[in-house]
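1. Fold the following, please.
(3 chains)
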Amino acid sequence: MGQRSSAEHRDLSALAPELSQSLLDWWEIHGRKDPALKPWMFTKDGRWPEPHEHLNVLECWIAEVMLQQTQLSVVLPYWQRWMKTFPSVEALASASLEQVRLQWQGLGYYSRARRIHEAARQLVQRPWPGDLDGWMALPGIGRTTAGGILSSALNAPAPILDGNVKRVLARLYAHERPLSRDQHVFWGWSETLLDRSRPRDFNQALMDLGATVCTPRRPDCAQCPWWESCAAYASGDPSNWPVVEERKPLPFQVIGIGVVINAAGEVLIDQRLEEGLLGGMWEFPGGKQESGEAIEACIAREFMEELGILISVEKELITVEHAYSHKKLRFVVHLCSLISGEPQPIASQQVRWVRLDQLKDYPFPAANARMIEALLQR
DNA sequence: TACTCGTGGTC
DNA sequence: TGACCAAGAGT
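-> Alright, predicted model coming up:
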């Protein structure tokens, strides 16, 4: 398969009005228009908004960020709780980053929480953005999120390009390269097809189509309003699109973790650096096992290197397997005792002794939450 | 461009 | 049951 230029794709711009109409007709009947599913998309009296009506921009912004790489059903309870805790941008801006992280705990991609907090602190100091570039200048908001906010809340004519839309477009045009490539081409298609008179409804319809009909596996083309125009359908097997990326196997590592308990019954935790994996989250200290190294030796070494203390490593508490986006880890967790030294934040932001009943006040990543559960049930 | 950055649903 | 993949952004 050689290089293809966008000029080799069909030009659907002349057909855009017709495609938009058939998509919106489908959406009126089959779209995910349920206030229990995405409440930020509805008016306060529970109606789908008319074209001239605006929605709560804060609610849409928070939802759009939470929905980055995260499924609708997962986001909903987080969004509900978040809007009760931080009902205004002032409430959000005046909250501590720690409080914000606690609300985000379990959602993943934790830099999103830090960036929302930073954006809120900017927004209470100056007027809110009025256009795409203004929104994109805020931390954590890229073109899709900005377009989502503007089209959802204000019905402004801004295109979007999320995973659903990319898949639909890749099939519609039978694009011959993986979704990670040719971003400008996909953006051009999304903008070409966008219904300028109903951008809110159109964008929602396009995403709903991808999520419910033009699905990754076994697309239900019999229900698709665009089947007659779809190049992938015409090819005979639409599931051949999008073209699959070649994927590398996840690297695997064993991590030794120590739960040090002192005479007062307190446990030692540390806050990770802001940069990198799980930035700013709290954890039980530990680190990578080196080749040929016993796990007990690994844990003792990590505590000496990263906290400057000597510990004795005792019995195992739990082993947790956890897959991140780009690596797979096995955490082997041992109970430990302090022999000598005062813990120092050598490789972390801070270290702290806390009682077991205080652990719930600290944001922990999912793998650590399982360790805490084992510790509390011990 | 290519890589990092989480977690849970789904088959 | 491991692999794929979600309303992507930042660097």
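2. Could you list the domains of chain A?
-> Dividing chain A into domains by automatic domain parsing, as the record does, gives the ranges A:15-240, A:252-376.
3. What sits closest to A:Leu132 if chain neighbours are left out?
-> Nearest residue to A:Leu132 in three dimensions, chain neighbours excluded: A:Ala146, at 5.2 Å (CB to CB, 6 or more residues apart in numbering). Just so you know, the C-beta spots here come from the backbone N, C-alpha and C atoms, and that holds for glycine as well.
4. follow-up on the earlier one: looking at the domains of chain A, which is nearest to DNA strand C?
-> Nearest to DNA strand C among these is domain A:15-240; the distance by CB to the nearest atom of the strand comes to 2.6 Å.
5. returning to that earlier point: list the contacts for the residue nearest to A:Leu132?
-> Applying CB atoms under 8 Å, 6 or more residues apart in numbering, we find A:Ala146 in contact with A:Leu132, A:Trp135, A:Met136, A:Ala158.
6. dump the residue contacts of the second one.
-> Counting by CB under 8 Å, 6+ apart, A:Trp135 makes contact with A:Pro129, A:Ile141, A:Thr145, A:Ala146, A:Ile149, A:Leu150.
7. thinking again about what came up before, what helix or strand is the residue nearest to A:Leu132 on?
-> helix A:143-154 (DSSP states H and E).
8. where along chain A do the helices fall?
-> Using DSSP state H, the helices of chain A run over A:16-30, A:57-66, A:72-85, A:89-94, A:97-104, A:111-123, A:132-136, A:143-154, A:163-172, A:183-193, A:199-212, A:231-234, A:295-307, A:366-376.
9. Just the buried residues of the shortest one, please?
-> So that's helix A:231-234. Residues of helix A:231-234 classed as buried: A:Ala231, A:Ala232, A:Tyr233 (neighbour count, 16 or more other CB atoms under 10 Å).
10. Could you see whether DNA strand C lies near that helix?
-> No. Using CB under 7 Å from any atom of the strand, helix A:231-234 never reaches DNA strand C; the gap is at least 14.0 Å.
11. what helices or strands is that helix leaning on?
-> Packing partners of helix A:231-234 (3 or more CB pairs under 8 Å, 6 or more residues apart in numbering; DSSP states H and E): helix A:163-172.
12. can you check the longest one too?
-> With contacts defined as 3+ CB pairs under 8 Å, 6+ apart, helix A:16-30 has these neighbours: helix A:183-193, helix A:199-212.
13. which one of these lies closest to A:Gln350?
-> Proximity to A:Gln350, assessed across these by CB to CB, is greatest for helix A:183-193 (39.3 Å).
14. quick one: the closest one to chain centroid distance?
-> 23 Å (CA atoms, centre = their mean, to the nearest Å).
15. any bit of it sitting next to DNA strand C?
-> No. Applying CB under 7 Å from any atom of the strand, one finds helix A:183-193 separated from DNA strand C by no less than 9.6 Å.
16. pLDDT (mean, whole number) over that helix?
-> What helix A:183-193 shows for mean pLDDT is 96.
17. ok, the helix holding A:Ala146 near DNA strand C or not?
-> Yes. Applying CB under 7 Å from any atom of the strand, one finds helix A:143-154 in contact with DNA strand C at A:Arg143, A:Thr144, A:Thr145, A:Ala146, A:Gly148.
18. Widest-spaced pair of those?
-> Maximum pairwise distance in the residues of helix A:143-154 next to DNA strand C, criterion CB to CB, is 9.5 Å, between A:Arg143 and A:Gly148.
19. List the contacts of the closest residue to DNA strand B within the stretch 101-250 of chain A.
-> Residue nearest to DNA strand B within the stretch 101-250 of chain A: A:Gly108 (2.6 Å; CB to the nearest atom of the strand). Neighbouring residues of A:Gly108 by CB under 8 Å, 6+ apart: A:Thr70, A:Ala366.
20. Next, it: phi, psi?
-> When read as degrees, to the nearest 10, the backbone of A:Gly108 gives phi 80, psi 170.
21. how much space between it and A:Gly236?
-> Distance from A:Gly108 to A:Gly236, counting by CB to CB, to the nearest Å: 38 Å.
22. just to revisit the earlier point, so between A:Arg143 and A:Gly148, which is more surrounded?
-> Neighbour count, other CB atoms under 10 Å: between A:Arg143 and A:Gly148, A:Gly148 has more, with 29 against 18.
23. any idea which of the helices and strands packed on helix A:16-30 is most buried?
-> Mean neighbours per residue, mean count of other CB atoms under 10 Å, is largest over the helices and strands packed on helix A:16-30 for helix A:199-212, with a mean of 22.
24. And DNA strand B, is it touching that?
-> No. Judged by CB under 7 Å from any atom of the strand, helix A:199-212 stays clear of DNA strand B, getting no closer than 11.1 Å.
25. If you average the pLDDT over that helix, what comes out?
-> So the average pLDDT for helix A:199-212 ends up being 96.
26. Am I right that A:Arg200 is in contact with A:Leu150?
-> No. A:Arg200 is not in contact with A:Leu150 according to CB atoms under 8 Å; the separation is 9.3 Å.
27. Spell out which parts of the stretch 151-300 of chain A neighbour DNA strand C.
-> Residues of the stretch 151-300 of chain A lying near DNA strand C (CB under 7 Å from any atom of the strand): A:162-164, A:167, A:204, A:207, A:210-211, A:216, A:244-245, A:247, A:249.
28. show me what contacts A:Ser96?
-> If a contact means CB under 8 Å, 6+ apart, then A:Ser96 has no contacts.
29. From A:Gly280, how far out is it?
-> Counting by CB to CB, the gap between A:Ser96 and A:Gly280 amounts to 12 Å.
30. which bits of the stretch 101-250 of chain A sit near DNA strand B?
-> Taking CB under 7 Å from any atom of the strand, the part of the stretch 101-250 of chain A that reaches DNA strand B is made up of A:Gly106, A:Leu107, A:Gly108, A:Tyr109, A:Tyr110, A:Ser111, A:Ser180, A:Arg181, A:Asp182, A:Gln183, A:Arg217.
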